[in-house]
Structure formats: C-alpha cells, structure tokens
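**Student:** Need a 3D model of the sequence below.
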Amino acid sequence: MAHSQDRPTSSGHIEPRLIDATAAAIARWGLQGTTRERIAAEAGVSRATIYRRDVTRDQLVTALTERAGQTFRNAIWPAITGRGTAAQRLEAALEAMCSAADEYLPLLAGMFLAHGEIFHQPGPEALTVDIFAEPFERLLIDGAGDGTLRRLPETVTATVLFNMVGWGYIHLRASHHWSQEAARRNVIELALHGLVARHDDG
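**Tutor:** Below you'll find the predicted structure:
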C-alpha cells in the first residue's frame, strides 16, 4: 500500500502512514479484529515501534474516521452547493456518497461488520456524527422550504437517511456483489420515493 507523506494531521502526532495501515487492517480483519499489532504489521514496523509512538488503537481509528469524514464532505459538496431543487441536490448527494463508498469498499465493509461503530455514538437516542448527518439535514430544510421534500424532523431524518442509504449500499455491494449502478439505483429510489402508492400514481 502506498503511504502518504508523513505530516501533522488533525489528530496531532499521528503519522498518515499509520492511518493508512489502520485502514488496511480494518479491511483485512474487520474493525473488531483490528489491533495495534495488526496495524503495525500493515505499516511494516515492529510492534515495539508502534508502542513507542504512544498512540492507541482508538486514536488511530478516530484519525481514520476524520479522514473518512473529509472524503465524504469532499464528495458531496458539489451537490450541496450546486443548482437545482433541494430534491435534485439530495439525489445527487446520495449518488456521490455511494461513489465515495466504492473508493473504500473493503474498509467500509469491515466497519459495517462492526455495526458501524465509528460512525455513531452509543445509545438508543444517539444521532449520527454531525459531519455525516449535517449536509443531509441542510438539504431537508431546503426541501421543506422549496416544497420539493416532505417536512420531517430534520436531524432524525438525516441520520436515518445516511445510515439507510450508506450502509444499505455497502452491504449490497460487498456482501451481495451487486453492481454499482444496481445498488445505487435501487437504494436511492427506495429512500427517496418509498413503497406506499400515492393517490396520483397511475
């Protein structure tokens, strides 16, 4: 695996190559099976070396989460700020999210097996981390304003939307081996239009 040039990150002293190695370990072993020893092996360093860096497994996973969040934001930003109705921009944002997921499919599939542990806080009332839910929340507010989307509780709906489309797409791609186009089309169609017949349906 090609490693990024070492430089400071938002996680402080953590080297980007160790974040790369964390991603590789999760893709190979799943999130729950990822240990510092396995991260060290992926990085090509000794176990003693990674312990001397004084970085924990949780710090490495957090740094990887921050990187995933930046990738996610970069992917959907053009849809968020583009032209068109809120419904059109929401569909474009969901498509962009699916495309971004394909870049890291083995990694995200490993996280999926760990029940999405790094993407939400524990507890029955927990909501998705803001960096993931907030863009969809904004589009839902815009859609209620321009009349192209139903008026719903924005934060809860954004959280459900991210998880339903994101993890649904990843599961169909990684576990059922659906094509990108089929998984994206069917998941997004269901999320946007649902199943219940409308009175204006033919």
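**Student:** pretty sure residue 93 is touching residue 72, no?
**Tutor:** No. Counting by Cβ atoms under 8 Å, residue 93 does not reach residue 72; the two are 10.1 Å apart. Quick note: C-beta positions are derived from backbone N, CA and C, even for glycine.
**Student:** Helix or strand with the lowest mean pLDDT in the protein?
**Tutor:** Across the helices and strands of the chain, mean pLDDT, DSSP states H and E gives its lowest value to helix 105-113, namely a mean of 75.
**Student:** ok, and what's touching the very next helix or strand once past that one?
**Tutor:** On the C-terminal side of helix 105-113, the closest following helix or strand by DSSP states H and E is helix 130-146. Contact partners of helix 130-146, identified using Cβ atoms under 8 Å, 6 or more residues apart in numbering, comprise 69, 72-73, 76, 80, 85-87, 89-90, 93, 119, 127, 149-152, 154-155, 157-159, 161-162.
**Student:** what about burial for those, which qualify?
**Tutor:** Buried subset of the contacts of helix 130-146 (neighbour count, 16 or more other Cβ atoms under 10 Å): 69, 72, 76, 80, 86-87, 89-90, 93, 119, 127, 149, 154-155, 157-159, 161-162.
**Student:** Just the residues you listed: which are in helices?
**Tutor:** Residues of these located in helices (DSSP state H): 69, 72, 76, 80, 86-87, 89-90, 93, 154-155, 157-159, 161-162.
**Student:** which of the residues you listed sit farthest apart?
**Tutor:** Greatest spatial distance among those (Cβ to Cβ): 69 and 87, at 24.8 Å.
**Student:** what about the least confident helix or strand of the chain, distance to the chain center?
**Tutor:** Computed by Cα atoms, centre = their mean, to the nearest Å, the chain-centroid distance of helix 105-113 equals 10 Å.
**Student:** For it, name the packing helices and strands.
**Tutor:** The criterion is 3 or more Cβ pairs under 8 Å, 6 or more residues apart in numbering; DSSP states H and E, and the helices and strands that helix 105-113 contacts are helix 16-29, helix 154-174.
**Student:** Give me the buried positions along stretch 71-84.
**Tutor:** In stretch 71-84, counting by 16+ other Cβ under 10 Å, buried: 72, 75, 76, 79, 80.
**Student:** So what's the gap between it and the chain middle?
**Tutor:** Here stretch 71-84 shows a centroid-to-chain-centroid distance of 14 Å under the convention Cα atoms, centre = their mean.
**Student:** swap in stretch 173-187?
**Tutor:** Offset of stretch 173-187 from its chain centre (Cα atoms, centre = their mean): 16 Å.
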